[in-house]
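> Fold the following for me, if possible:
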Amino acid sequence: MNNSWQLAWEISLRILPFLLGLSGVALQVQLACSRHYPTIIKSLERSLALERLKFMWGEHGFYSRLSLVSSIAALAFCPQHFIKRKLLHPDDIKRLPHPIKKRLCISIWLLLIGVLGLTASYFKSS
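Presented below is the predicted three-dimensional model:
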């Protein structure tokens, strides 16, 4: 009985980071395919970063929109870094609606926790 509980805990601890990371991706997919996408793009229209990201990823197609939303999530996650580099206009990050900014930041946190958890479980098993 004890051995089966230990196995169940080990399996769940290995699956949990994967599920957290997948939840972060799902949240970004939802934002890329929702009615909030034009709001995100319009609120960051004065930023140099958005122009560069549009040039790099494009705007048409699912993969392009998802890549663009993922990159914008990084802008919302640590805006001061990009403001210092003059890639993000300070007023643009304020124009981004708070619920959308919160979702972008939550998606980044879920992805970071998932990657760190998967890395830790990899090194634990080695």
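
> list the contacts for residue 58?
Contacts for residue 58 (Cβ atoms under 8 Å, 6 or more residues apart in numbering) come out as 64, 68. Placement of C-beta: from N, CA and C, glycine included.

> Next, give phi and psi for it.
phi 80, psi -180 (degrees, to the nearest 10).

> what separates it from residue 68, distance-wise?
Here residue 58 is placed at a distance of 8 Å from residue 68 (Cβ to Cβ, to the nearest Å).

> Name the residue closest to the centre of this structure, please.
residue 108 (3.5 Å; Cα atoms, centre = their mean).

> What distance do you get for the nearest residue to it once chain neighbours are set aside to residue 105?
Distances taken as Cβ to Cβ, 6 or more residues apart in numbering place residue 77 nearest to residue 108, at 4.4 Å, with adjacent residues excluded. Counting by Cβ to Cβ, the gap from residue 77 to residue 105 is 5 Å.

> Looking at the two, which one has more neighbours?
Comparing residue 77 with residue 105 by other Cβ atoms under 10 Å, the one with more neighbours is residue 77, at 18 against 15.

> Residue 106 is in contact with the more buried one, correct?
No: under the criterion of Cβ atoms under 8 Å, residue 77 is not in contact with residue 106, lying 9.8 Å apart.

> So which elements touch the helix or strand containing residue 119?
If you go by DSSP states H and E, residue 119 is part of helix 98-125. Helix 98-125 makes packing contacts with helix 2-33, helix 62-77 when contacts are defined by 3 or more Cβ pairs under 8 Å, 6 or more residues apart in numbering; DSSP states H and E.

> Going by mean pLDDT, which of those helices comes out lowest?
In terms of mean pLDDT, the lowest-scoring of these is helix 2-33 (a mean of 88).

> Check which element follows that one along the chain.
Next helix or strand after helix 2-33 toward the C-terminus (DSSP H and E): helix 37-43.

> Show me what counts as buried in that next one.
37, 40, 41, 43 (16 or more other Cβ atoms under 10 Å).

> farthest pair in these?
37 and 43 (11.1 Å; Cβ to Cβ).

> Could you double-check that residue 24 sits in contact with residue 108?
Yes: between residue 24 and residue 108 there is a contact under Cβ under 8 Å: 7.0 Å.
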